[in-house]
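1. Sharing a sequence plus its predicted fold:
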Protein chains: 2
Amino acid sequence: MAAPLIEPVARLIDAFARLPGIGPKTAQRLTYHLLRAPDGEARTLAQALVDVRDRVVFCERCFNISDAPVCGICSDPGRDQTRLCVVEEPLDVLALERTGELKGLYHVDGIGPDRLRIRELLARADEAKATGAPFEEVIIATNPTLEGEATAMYLAERLEGTVGSITRIARGIPVGGDLEYADEVTLIRALQGRRAV
Amino acid sequence: MAAPLIEPVARLIDAFARLPGIGPKTAQRLTYHLLRAPDGEARTLAQALVDVRDRVVFCERCFNISDAPVCGICSDPGRDQTRLCVVEEPLDVLALERTGELKGLYHVDGIGPDRLRIRELLARADEAKATGAPFEEVIIATNPTLEGEATAMYLAERLEGTVGSITRIARGIPVGGDLEYADEVTLIRALQGRRAV
């Protein structure tokens, strides 16, 4: 009995709802917002979407997102070329860069067997060694999940002997967190990772 | 010290973050998702955004969204032409249509002084009366907010004498809700609106 949604509206709701974390209700709200918003708002978003696909590539060295064949970090001679941090996703690079703690390079390793850039990582490490400047440290910053830990273990094994040291980011209680609510595995990791004060 | 975001990425994050209910973190997550998703996903969304602005208009009679000068509800002879429901937004039409309770027509009145279509509503009521088929009932379904109530009062005053009856949707405890957590005004409205069982 209800009047059906007109087609372009239904299609936009559908496209929004396909995004992660956007449910059908939110998709509807966003669509109706854009219907009433000034014309430029929808078109700016549309253009930004097209641009991001047309102009963003993956760095051929580290596989982070880039607007050039080699990304800004890889091509920056000011970065420490002896330290390499392995992460799962471009977003992780963003998060780590925000800390300002790392001045080295990255390798975006991907998640899941289809996307893993492990071969390329090993090739990078081999090449660095061959040119007489092996990586002094490879920091494995994959997520502390089952999959991330497995990748870390595997990488550590494979990189052994090719690079100086291989380190893993600490797992423990997040700053501002509460021991009482931490899961057992995290608590065990926090204890195992304890350091002299 | 942190590597700056590349421009098309920054622009898409920015465009997403301008949407209501999308914070900067979510905007970032959506953008990075679309960077890794199949190419079609971003382009489909972009096209849907353009289409919705190119192909959707406002019905010249009821001001609901439409893909024709007169919308599907207004042009449907099967709808009850004697009952008119006044709402604030196109989304409200959607919500009410979903109930299947109303078989009449709508008038999307808008919110705020700039958008109010009150003049057009009064003209519709006048015209219906002049043609010998006045609206038998006008249901005022503006939101039970200060603004919506003020609009409702004003409309009731202005429509008096031009239409049969003027009704207002019930305000009360939502189904599944809890008296204990209801605010006082809602409780008062729920009591005032009580009916014989």
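-> Perfect, thanks for sending it. Residues are numbered from 1 along each chain as shown, chains lettered A, B, ... in the order given.
2. If we ignore the residues flanking it in sequence, what's nearest A:Asp126?
-> Across the structure, with CB to CB, 6 or more residues apart in numbering or on different chains as the measure, the residue nearest A:Asp126 apart from its sequence neighbours is A:Thr162 (6.1 Å). All C-beta spots, glycine's among them, are computed from the backbone N, C-alpha and C.
3. With A:Arg61 instead?
-> What sits nearest to A:Arg61 in space, not counting adjacent residues and going by CB to CB, 6+ apart, is A:Cys74, at 4.5 Å.
4. residues contacting that neighbour?
-> A:59, A:61-62, A:64, A:105 (CB atoms under 8 Å, 6 or more residues apart in numbering or on different chains).
5. at 6 Å what do you get?
-> If you count contacts by CB atoms under 6 Å, 6 or more residues apart in numbering or on different chains, A:Cys74 has them with A:59, A:61-62.
6. can I get these in TSV with pLDDT?
-> Shown next, in TSV, are the contacts of A:Cys74 (pLDDT from 0 to 100):
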residue	pLDDT
A:Cys59	94
A:Arg61	94
A:Cys62	95
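7. Any chance of JSON lines for these, columns neighbour count and secondary structure?
-> Conversion of the contacts of A:Cys74 to JSON lines gives the following (neighbours: other CB atoms under 10 Å in any protein chain shown; DSSP: H, G, I helix; E, B strand; the rest coil):
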{"residue": "A:Cys59", "neighbour count": "23", "secondary structure": "coil"}
{"residue": "A:Arg61", "neighbour count": "18", "secondary structure": "coil"}
{"residue": "A:Cys62", "neighbour count": "27", "secondary structure": "coil"}
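8. and the residue nearest to A:Arg61, that one's in a strand?
-> No - secondary structure of A:Cys74, determined by DSSP: H, G, I helix; E, B strand; the rest coil: coil, with no strand assignment.
9. And it, how far from chain B?
-> For A:Cys74, the distance to chain B equals 10 Å [CB to the nearest CB, to the nearest Å].
10. And A:Tyr181, by the same measure?
-> The separation that A:Tyr181 has from chain B, given CB to the nearest CB, amounts to 22 Å.
11. How about the secondary structure of the residue nearest to A:Glu149 when sequence neighbours are not counted?
-> Of all residues beyond its chain neighbours, the one nearest A:Glu149 is A:Thr142 (7.5 Å), with distances taken as CB to CB, 6+ apart. A:Thr142 falls in the coil class when you classify it by three-state DSSP.
12. Can you give me every residue that contacts A:Thr142?
-> A:Thr142 makes contact with A:88, A:148, A:151-152, according to CB under 6 Å, 6+ apart.
13. For it, give me phi and psi.
-> Listed backbone geometry of A:Thr142 is phi -70, psi 160, with angles given as degrees, to the nearest 10.
14. Then A:Arg168?
-> phi -130, psi 140.
15. on that earlier part again, mark which of the contacts of A:Thr142 are buried, thanks.
-> Applying a neighbour-count criterion of 16 or more other CB atoms under 10 Å in any protein chain shown, the buried members of the contacts of A:Thr142 are A:88, A:148, A:151-152.
16. returning to what we had before: tell me the pLDDT at the residue nearest to A:Arg61?
-> For A:Cys74, the model assigns a pLDDT of 96.
17. circling back: what's the distance between the residue nearest to A:Asp126 and chain B?
-> Remark: distance between A:Thr162 and chain B (CB to the nearest CB) = 26 Å.
18. Next, count neighbours for that residue.
-> Residue neighbour count, defined by other CB atoms under 10 Å in any protein chain shown, stands at 18 for A:Thr162.
19. what's it sitting at in phi/psi?
-> With angles defined as degrees, to the nearest 10, A:Thr162 shows backbone torsions of phi -100, psi -30.
20. try the one 5 residues further on
-> Backbone geometry at A:Thr167, expressed as degrees, to the nearest 10, gives phi -120, psi 160.
21. What does the pLDDT read for it?
-> The per-residue pLDDT reported for A:Thr167 equals 94.
22. Can you tell me the closest non-neighbouring residue to it?
-> A:Ile139 (5.1 Å).
23. Make a markdown table from the contacts of A:Thr142 and add distance to chain B and pLDDT to it.
-> Putting the contacts of A:Thr142 into a markdown table (distance: CB to the nearest CB, whole Å; pLDDT from 0 to 100) gives the following:
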| residue | distance to chain B | pLDDT |
| --- | --- | --- |
| A:Glu88 | 11 | 92 |
| A:Gly148 | 17 | 88 |
| A:Thr151 | 17 | 90 |
| A:Ala152 | 21 | 91 |
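24. who in chain A is up against chain B?
-> Within reach of chain B by CB under 6 Å from any CB of the partner chain, chain A has these residues: A:1-3, A:6, A:8, A:11-12, A:15, A:19-20, A:30, A:32-33, A:35, A:39, A:42, A:44-46, A:48-53, A:55-56, A:65, A:67, A:72-73, A:90-91, A:97-98, A:100.
25. Which members of the residues you listed occur in strands, if any?
-> Secondary-structure check on the residues of chain A next to chain B using DSSP state E: residues within strands are A:Ile65.
26. Show me just the buried residues among the residues of chain A next to chain B.
-> Buried positions within the residues of chain A next to chain B, assessed by neighbour count (16+ other CB under 10 Å), are A:3, A:6, A:8, A:11-12, A:15, A:19, A:30, A:32-33, A:35, A:42, A:44-46, A:48-53, A:56, A:65, A:72-73, A:90-91, A:97.
27. In helices, which of those residues fall?
-> Under the assignment DSSP state H, those contribute A:8, A:11-12, A:15, A:30, A:32-33, A:35, A:42, A:44-46, A:48-53, A:90-91, A:97 to helices.
28. What helix or strand is A:Ile188 located in?
-> Under DSSP states H and E, the secondary-structure element containing A:Ile188 is helix A:184-192.
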